[in-house]
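Enquirer: Okay, predicted coordinates and the sequence, questions at the end:
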Protein chains: 2
Amino acid sequence: MNEPDSSGILNLDNQICFALYAANRAVTARYRPILDQLGITYPQYLVMLVLWEHARQGQVTHVSDLGRRLRLDSGTLTPLLKRLSERGLLSRSRDPGDERSVIISLTDAGLALEDQARDVPARLLCDLNLPPERLGALRDELRAVLEMLEAGSAPNARSSL
Amino acid sequence: MNEPDSSGILNLDNQICFALYAANRAVTARYRPILDQLGITYPQYLVMLVLWEHARQGQVTHVSDLGRRLRLDSGTLTPLLKRLSERGLLSRSRDPGDERSVIISLTDAGLALEDQARDVPARLLCDLNLPPERLGALRDELRAVLEMLEAGSAPNARSSL
DNA sequence: CGCATTTATCTTGTGCACAATATAATTTTG
DNA sequence: CAAAATTATATTGTGCACAAGATAAATGCG
């Protein structure tokens, strides 16, 4: 292994990025059969989580709120919300107070789906089969990385080349 | 509606899955401007990493090798490899010993690109700005999760709530 | 007020991911 | 050996992600 790249800098297994990439897809794959029973995809589930949360607190949800929370832009959200709308889980309407904005409202079916979703996290954690404190620590580390990346928006301050 | 989920089980921020999802996209976004300079995307970069690794060790690479290593199927790899081929970084040819298999060979340009890629990890780590030991620990945790998910293929044994 | 600017969303185009299916070559079996 | 089963890749269709550009409403300013 002492060849051109002996230090293994370019070794796939050494890269945190690949671990993140592969773990994310593996977790999403675990969600799939569970969410299939609710008739939604994983990104759609994340959107529904925010909508349920806002509904519980009597908050109105605009598309931009979803974008801020999930870090997604309208190019992703618009078609996704249209699909959820077609499935009858929510409705989209212009905000009378600001005709540029679209208000996303859960339908009765969308609200009712929360009951069916309530055991999704438990079923997934059961799949993951790791002690909760380890998962909590991992989540906090991931949040730290996320914060770091979103705060330090120096997108190439020092190009060491 | 019984309890409006005040325990926060369905709270977005409590979910490790979202941390993973958001962190992965944030890291990929950091790679983007760096990899743009090489003219490749992030999944293409991962493929190239494997190809460079095999080239260093004099190993032949089949499409199936890439799939095993990156956990991707041919539906993802075939078009991705075609794009890399169009960019002149690799060539695809049937294995004479088994006409079902396709051998992926780096072109001179593909091999040469490794030199330009050598500082990519350093530039990204600089962006991440976290102590290496913390990143190493995070990577190991992610690998543990990945292993768990790939080993325990009990895809819904118990729905414990 | 009128016009430039900003803001919120939509649209278009590219590139993954992945399920499902197709095709063709190889291996296994009877 | 020939039919059946397996294996490797390719194709098709759906659904994200995200960049870039378009549209229309709201805001700011002289």
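Expert: Nice, thanks for sending it over. Since we're looking at a predicted model, the values are computed, not measured. Numbering: from 1, shown residues only, chains lettered A, B, ... in the order given.

Enquirer: Helices of chain A, start to end?
Expert: A:16-36, A:42-56, A:63-70, A:74-86, A:108-117, A:120-128, A:132-151 (DSSP state H).

Enquirer: got a list of contacts for the shortest one?
Expert: Helix A:63-70 is touched from outside by A:43, A:46-47, A:50-51, A:54, A:72-74, A:77-78, A:81, A:101-102, A:104, B:12, B:18, B:22, with contacts defined as C-beta atoms under 8 Å, 6 or more residues apart in numbering or on different chains. Where you see a C-beta, it was placed from the backbone N, CA and C, and this is true even at glycine.

Enquirer: So which residues on chain A come close to DNA strand D?
Expert: A:41-44, A:71-76, A:79-80, A:83, A:97-100 (C-beta under 7 Å from any atom of the strand).

Enquirer: one more time with 6 Å
Expert: Proximity of chain A to DNA strand D is assessed by C-beta under 6 Å from any atom of the strand, with A:Thr41, A:Pro43, A:Gln44, A:Leu72, A:Asp73, A:Gly75, A:Thr76, A:Leu80, A:Arg83, A:Asp98, A:Glu99, A:Arg100 identified as the residues in range.

Enquirer: what's the pLDDT at the fourth one?
Expert: A:Leu72 is assigned 98 on the pLDDT scale.

Enquirer: how many neighbours does it have?
Expert: Applying other C-beta atoms under 10 Å in any protein chain shown, we find 18 residues neighbouring A:Leu72.

Enquirer: check contacts around the closest residue to A:Leu84 other than its chain neighbours.
Expert: Once flanking residues are discounted, A:Leu84 sits nearest to A:Leu90: 5.2 Å by C-beta to C-beta, 6 or more residues apart in numbering or on different chains. Each residue near A:Leu90 by C-beta under 8 Å, 6+ apart is listed here: A:Leu51, A:Leu81, A:Leu84, A:Ile104, A:Ser105, A:Leu106, A:Thr107, A:Gly110.

Enquirer: OK, contacts around the last one?
Expert: Think A:Gly110. By C-beta under 8 Å, 6+ apart, the neighbours of A:Gly110 are A:Met48, A:Leu51, A:Leu84, A:Gly88, A:Leu89, A:Leu90.

Enquirer: Beta-bridge partners for A:Ser93, please?
Expert: The partner list for A:Ser93 in beta bridges (DSSP bridges) reads A:Ile103.

Enquirer: Can you give me the neighbour number for it?
Expert: A:Ser93, neighbours per other C-beta under 10 Å, totals 10.

Enquirer: ok, back up a step: got a quick PyMOL command for the buried subset of the contacts of helix A:63-70?
Expert: In PyMOL, this line selects whichever of these come out buried by 16 or more other C-beta atoms under 10 Å in any protein chain shown:
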select buried, (chain A and resi 46+47+50+51+54+72+77+81+102+104) or (chain B and resi 12+18+22)
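
Enquirer: Give me the subset of the contacts of helix A:63-70 that also touch DNA strand C.
Expert: Answer for the contacts of helix A:63-70 near DNA strand C (C-beta under 6 Å from any atom of the strand): A:Ser74, A:Thr78, A:Ser101, A:Val102.

Enquirer: Tell me how far the nearest residue to the last one once chain neighbours are set aside lies from DNA strand C.
Expert: Same thing as A:Val102. Leaving aside its chain neighbours, A:Val102 sits nearest to A:Val63 (4.9 Å; criterion: C-beta to C-beta, 6+ apart). The gap separating A:Val63 from DNA strand C is 3 Å, by C-beta to the nearest atom of the strand, to the nearest Å.

Enquirer: And the pLDDT for A:Val63?
Expert: At A:Val63, the pLDDT value in this model is 98.

Enquirer: I appreciate the help and will end here.
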